[in-house]
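**Student:** Make a model of this:
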Amino acid sequence: MPFNLPIALTWLRVAAIPLVVVVFYLPNDWLSSFDKNLVATIIFVLAAVTDWLDGFLARRMKQESAFGQFLDPVADKLIVAAALLVLLNMDRVQVWVALIIIGREITISALREWMALLGAGKSVAVHMVGKLKTSAQLIAIPFLLLNDTLFGWLNCAQVGTWLIWIASFLTLWSMFYYMKKAFPQLVDNAK
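**Tutor:** All right, here's what the predicted structure looks like:
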């Protein structure tokens, strides 16, 4: 397993997952509700920035690796799933949203694994629609975590809800895109 700066940043994103969760379960005399929201949002945003930064550095420093290509999307999926479960527990996101996003991640991960076994993994390689889906999720979730009013007029809960609905649509779109790409292989190998 290689270890370099891009992979270290990805591991930091994985390490941020329990921090985002634990913050909400700290005693109220340690952190107020607002402070919990703010700290979790900051941790999540910093982790989301590492999603862009680790890929940028890996390409710039010529340190791309198979392990990094594996770990990066796993870290993304884990932090999004953890944040969604926390938000679901706090009634800040609807069950159907969490099911769509988490269900898609499981489905596409299984599809990619199966396609790789068939030697057709490139047909379901990461595409721009998948990157757009991830970006939408990583923008929507901080608004839902913050769950407050900014600048006296920006209702983060409402904006976050609209954005996570858009992210859910993009999530379904990306799932159908990958399923369509894999469909010929699925039909040929189902016999």
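**Student:** tally of neighbours for residue 35?
**Tutor:** Neighbour count of residue 35, defined by other C-beta atoms under 10 Å: 13. (C-beta placed from N, C-alpha, C; glycine too.)
**Student:** Residue 182 versus that one, what's the distance?
**Tutor:** According to C-beta to C-beta, to the nearest Å, residue 35 and residue 182 sit 45 Å apart.
**Student:** Go through stretch 81-97 and flag the buried ones.
**Tutor:** Residues 81-84, 86-88, 92-93, 97 are the ones in stretch 81-97 that count as buried (16 or more other C-beta atoms under 10 Å).
**Student:** Give me the residues contacting that stretch.
**Tutor:** Contacts to stretch 81-97, defined as C-beta atoms under 8 Å, 6 or more residues apart in numbering, come from residues 17-18, 20-21, 24, 40, 44, 98, 101-102, 105, 141, 144-145, 147, 157, 160-161, 164-165, 168.
**Student:** let's see 7 Å
**Tutor:** Residues outside stretch 81-97 that contact it (C-beta atoms under 7 Å, 6 or more residues apart in numbering) are 17, 20-21, 24, 44, 98, 101-102, 105, 141, 144-145, 147, 157, 164, 168.
**Student:** helices and strands of the chain: which one bottoms out on pLDDT?
**Tutor:** strand 149-150 (a mean of 78; mean pLDDT, DSSP states H and E).
**Student:** picking that back up, show me which of the buried residues of stretch 81-97 is closest to residue 114.
**Tutor:** residue 81 (20.8 Å; C-beta to C-beta).
**Student:** what about the closest one, which helix or strand?
**Tutor:** Secondary structure from DSSP states H and E places residue 81 in helix 66-89.
**Student:** average pLDDT for that helix?
**Tutor:** In this model, helix 66-89 carries a mean pLDDT of 89.
**Student:** C-alpha coordinates for the following helix or strand past that helix, CSV please?
**Tutor:** Using DSSP H and E, the helix or strand that follows helix 66-89 in sequence is helix 95-117. Extracted in CSV, the C-alpha atoms of helix 95-117 (Å, rounded to 0.1, in the frame of the first residue of the first chain):
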residue,chain,number,x,y,z
VAL,A,95,-35.8,8.9,4.6
TRP,A,96,-36.2,8.6,0.8
VAL,A,97,-33.2,10.9,0.2
ALA,A,98,-31.0,8.8,2.4
LEU,A,99,-32.3,5.6,0.8
ILE,A,100,-31.7,6.9,-2.8
ILE,A,101,-28.2,8.2,-2.0
ILE,A,102,-26.9,5.2,0.1
GLY,A,103,-28.8,2.7,-2.1
ARG,A,104,-27.2,4.0,-5.2
GLU,A,105,-23.7,3.9,-3.7
ILE,A,106,-24.2,0.2,-2.8
THR,A,107,-25.7,-0.7,-6.1
ILE,A,108,-23.0,1.0,-8.2
SER,A,109,-20.2,-0.3,-6.0
ALA,A,110,-21.5,-3.8,-6.6
LEU,A,111,-22.0,-3.2,-10.3
ARG,A,112,-18.4,-2.0,-10.6
GLU,A,113,-17.1,-5.0,-8.8
TRP,A,114,-19.0,-7.4,-11.0
MET,A,115,-18.1,-5.6,-14.2
ALA,A,116,-14.4,-5.7,-13.1
LEU,A,117,-14.8,-9.5,-12.7
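**Student:** Thanks a lot, see you next time.
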